[in-house]
Structures are given as C-alpha cells and as structure tokens.
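Engineer: Starting from these lines, generate the structure:
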Amino acid sequence: MLLLLVVPFSTHSQNFDIQILRSVNSPTNHGDQFYKLASNSNNAIILGVPLVLGVAGLIHKDENMFSNACVIVAADAINLGFTYAIKYSVNRTRPFNTYPDIVKKTEGGGPSFPSGHTSGAFATATILSLEYPKWYVIAPSFLWAGTVGYSRMVLGVHYPSDVLGGAIVGAGSAYFSYKANKWLTKHYATKHVHD
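Structural biologist: Predicted structure coming up:
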C-alpha cells in the first residue's frame, strides 16, 4: 500500500504520468461526449446495480440475490471510505491545476489520487464478477470500469497513476468485502448449527 502512495510522486513517474496524460487529453473535443457519458454513468450504475438486484431479490423472494445486493453496497461503502481516506492523506493536486496545457473537460474537485470514479467502477465490476462469475458479467463489467477510468484521463481530471490507484483500491475493497462476507456467512452457519 505504501508503494501505491509513493510511486506516483517520484520525478520519473511524474514525468511518465504527465506524458501519458498529454497524449490522451486533447484540446479538441473528439469523442468527448462519449467519455463524458461514460464518466457520468458511474454513480447511476454504482447505485443502480445493487438497487435492481435488491428489488428483484425481494420480488422473486430470492435470498441469494438480495444478499448479493447487500454485499455490493458494502463493497462500495468500504471502497468509498478507503478512497477518501487516501485522497485526503495524499492530497495530490489535480493535473489541470499543475499543468496549464491539460484541458479540464468535466467536473473534478478535491484531491486527485486515487480516482474516485475509477475506484467506484472497479469496486462494482469486481464484486459483480465475484458474485456472478460468468463471462457475460465479467467482460462488460470490466469494459465499463476501464472506460470510466480512461474517460477521467481524456477529460483531463486525473493522471494515469490516479486511475491505476483507483482500480487497485476499488478491486481490493471489493475482494475484501467478498471474502469478509464469505467468512461471516460460514461463521454464522457454523454457529447456527451448534446452537
């Protein structure tokens, strides 16, 4: 985790970071509407997926589906906590504030590292893929999450290392939530048998 915090700020890494960002962020608006749509889809999907699963689980009296919705909410909440704790601990300046040639094309406030949009997208994609390990869930989930991360660079609000950090934090939070839920479920089942 310490390496995750230190690497983006070494001089060599910072130069590499800004070079990649400059190659992706363009002053023209070629494809910007698509990337704004991808970026803006983040909150709707993060909130919508567990809501739809939870409601469907209640309607169909499917306890497993409802439980999965709760695990997704927990993963997203844990991810949000980790993301904001790191953001305000590191307190990295946004690229458009440091480099005048980087064009800010969407909203992006607060510290830069890690990317909150990316961490949320990867938390959702990872937990969905763990709960429903089918190619038709995994492929679109990670394609969407990757597009959200890429969009944050195209739109000039994050460095590549912010996006990478967000993907790691998001996926890690989801994996932690998934494993914690499995342990709690097993622990509760064992306790219930002995009672």
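
Engineer: okay, and the helix or strand of this protein with the least pLDDT?
Structural biologist: When the helices and strands of the chain are scored by mean pLDDT, DSSP states H and E, helix 2-6 comes last with a mean of 48.

Engineer: Next secondary structure after it?
Structural biologist: helix 11-24 (DSSP states H and E).

Engineer: so the spatially most central residue of the chain is in which element?
Structural biologist: Nearest to the mean C-alpha position of the chain, by Cα atoms, centre = their mean, lies Ser119 at 2.1 Å. Using DSSP H and E, the element containing Ser119 is helix 116-131.

Engineer: what packs against that helix?
Structural biologist: On a contact count with 3 or more Cβ pairs under 8 Å, 6 or more residues apart in numbering; DSSP states H and E, helix 116-131 meets helix 32-59, helix 63-90, helix 135-154, helix 160-194. C-beta coordinates here come from the backbone N, C-alpha and C atoms, glycine included.

Engineer: from the chain's centre, how far out does the longest one sit?
Structural biologist: Counting by Cα atoms, centre = their mean, to the nearest Å, helix 160-194 is centred 14 Å from the centre of its parent chain.

Engineer: do the same with the second one
Structural biologist: On the basis of Cα atoms, centre = their mean, the separation between the geometric centre of helix 63-90 and that of its chain is 10 Å.

Engineer: elements contacting it?
Structural biologist: Using 3+ Cβ pairs under 8 Å, 6+ apart as the contact definition, the elements that helix 63-90 packs against are helix 2-6, helix 32-59, helix 116-131, helix 160-194.

Engineer: For Ile20, which of the helices and strands packed on helix 116-131 is the nearest?
Structural biologist: Nearest to Ile20, of all the helices and strands packed on helix 116-131, is helix 160-194, at 4.6 Å by Cβ to Cβ.

Engineer: which parts of the closest one are buried?
Structural biologist: Neighbour counts over helix 160-194 (16 or more other Cβ atoms under 10 Å) mark 160-174, 176-178, 181 as buried.

Engineer: where does Gly110 fall, phi/psi-wise?
Structural biologist: Here is the backbone geometry of Gly110 (degrees, to the nearest 10): phi 80, psi -180.

Engineer: State the number of residues packed around it.
Structural biologist: Other residues near Gly110 number 10, with proximity taken as other Cβ atoms under 10 Å.

Engineer: got the contact list for it?
Structural biologist: Neighbouring residues of Gly110 by Cβ atoms under 8 Å, 6 or more residues apart in numbering: 87-88.

Engineer: related to what we said a few turns ago, what's the angle from the helix holding Ser119 to helix 32-59?
Structural biologist: Interaxial angle, helix 116-131 versus helix 32-59 (axes from the mean of the first three to the mean of the last three Cα atoms, to 10 degrees): 40 degrees.
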